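I need the structure of the sequence given here:
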Amino acid sequence: MTKLSVNINKIATIRNARGGQYPNVKLAAINCQQFGADGITVHPRPDQRHITYLDVRELAPIITTEFNIEGYPSSSFLDLVKEIKPHQVTLVPDPPDAITSNAGWDTKKHQSQLKEFVRGLKSQGIRTSIFVDTDSKNIEGAATIETDRIELYTESYAVQFAINQEKAIEPFIKAAQLAHNLGLEVNAGHDLNLQNLQYFATHMPHLAEVSIGHALISDALYLGLKETIKQYKNCLS
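Predicted coordinates:
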C-alpha cells in the first residue's frame, strides 16, 4: 500500500503565530504516528517561518516511522540533514522566499550540481528524492543524477481533477511508468486532499509514498487528527 507521510509544517506555523510551544510540534508528530501515519515530513526554510532547524533536531529522536526532510539544498540545509541522517531527503528547487513549492527541478540544467548533492547524501546512508514535474526529460535527468526516487509535483493534477479526471491523471501515469522503467521509485505530493487522493492512488502505478500537509492539517481542524489520518489512509488502501 502507498505510504502516507504527514507534513507537520502547518502545526509549526500556528505555533509561531503566538510563540511558545502550543501547539506542540513534537506531540503532533507522536500523535500522527500513533494514529497511523507511515512517516513524518518537514520542510525547514531559512526564515524559520514554520519548522525550524531546532524543531528538526528535536523531532529526530522521536520519529519511529520514517523521517522525510524536504528543502532547498543550501549549505546549511545539507549540513543539517547530514547531521540528522533522516530516512529520506527530498530536494526541492524553491528559493528561500517562496511561500510553498511551486515547480519541479530542471534536472538537465542542474544535473551536475544535483548529482553532487545526491552522492553526498547517499554516502551518508540517506535515501534521496528529487522534486520534479511529469516532463519525461526531467525524469530521465533524475535517473542520470542517480537519485533513489522522484517526487511528482501534483498541483496540475489537483487543478485539472475537477474538470477532467482522466486527463488530469494521464501524464502522471506515464511519468510513474517511465520512472519505474528507469529504476526510480515514485513519491508524490502537493495539493492532494480527500477529494482527489483516492482516484490518484487507485490509478497511479508504482506509487511508494504521498506527502500531504496543508490539506490534511486543515481537515484535522474539522475532523480531528485521528479521524483525518484514518480517512487519508483509507484513500490509499
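
gap between the residue positioned nearest the centre of the chain and Ser5?
Nearest to the mean C-alpha position of the chain, counting by Cα atoms, centre = their mean, stands Ser211 at 4.2 Å. Using Cβ to Cβ, to the nearest Å, Ser211 is found at 5 Å from Ser5. All C-beta atoms are positioned from the backbone trio N, CA, C, and that covers glycine.

who touches both of the two?
Taking Cβ atoms under 8 Å, 6 or more residues apart in numbering as the contact rule, Ser211 and Ser5 both touch 39, 41, 68.

coming back round to it: double-check that the residue nearest to the centre of the chain belongs to a helix.
No: with DSSP: H, G, I helix; E, B strand; the rest coil as the criterion, Ser211 is assigned strand and is not in a helix.

Is it bridged to anything, and to what?
Taking DSSP bridges as the rule, Ser211 bridges to Ser5, Gly189.

quick one, what contacts Tyr53?
Going by Cβ under 8 Å, 6+ apart, the list of residues near Tyr53 reads 44, 76, 80.

so Lys108 makes contact with Asn138?
Yes: Lys108 lies in contact with Asn138 (Cβ atoms under 8 Å); the separation is 7.3 Å.

rewinding a little: nearest to Ala176, of the contacts of Tyr53?
Distance to Ala176, by Cβ to Cβ, is smallest for Pro44 among the contacts of Tyr53, at 28.0 Å.

close enough to count as contact, that closest one and Gly71?
Yes: using Cβ under 8 Å, Pro44 is in contact with Gly71, at 6.0 Å.

Name the residues contacting each of these two.
Each of Phe77 lies in contact with both Pro44 and Gly71 under the rule Cβ under 8 Å, 6+ apart.

what's the helix or strand for Leu152?
Assigned by DSSP states H and E, Leu152 falls within strand 149-153.

Packing partners of the helix ranked longest in the chain?
Ordering each helix of the chain by length in residues (DSSP state H) puts helix 165-181 first. Secondary-structure packing of helix 165-181 (3 or more Cβ pairs under 8 Å, 6 or more residues apart in numbering; DSSP states H and E): helix 136-145, strand 149-153, helix 155-161, strand 185-189, helix 197-203.

Could I get the average pLDDT for the last one?
Along helix 197-203, the predicted local confidence has a mean pLDDT of 98.

Return the distance of the strand holding Leu152 from the chain's centre.
Strand 149-153 has its C-alpha centroid displaced from the chain centroid by 8 Å (Cα atoms, centre = their mean, to the nearest Å).

can I have that strand written out in CSV, keeping just the CAs?
Extracted in CSV, the C-alpha atoms of strand 149-153 (Å, rounded to 0.1, in the frame of the first residue of the first chain):
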residue,chain,number,x,y,z
ARG,A,149,13.3,8.4,-6.0
ILE,A,150,11.4,11.2,-7.6
GLU,A,151,8.5,13.1,-6.0
LEU,A,152,6.0,14.1,-8.7
TYR,A,153,4.7,17.7,-8.2
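
Much appreciated, bye for now.
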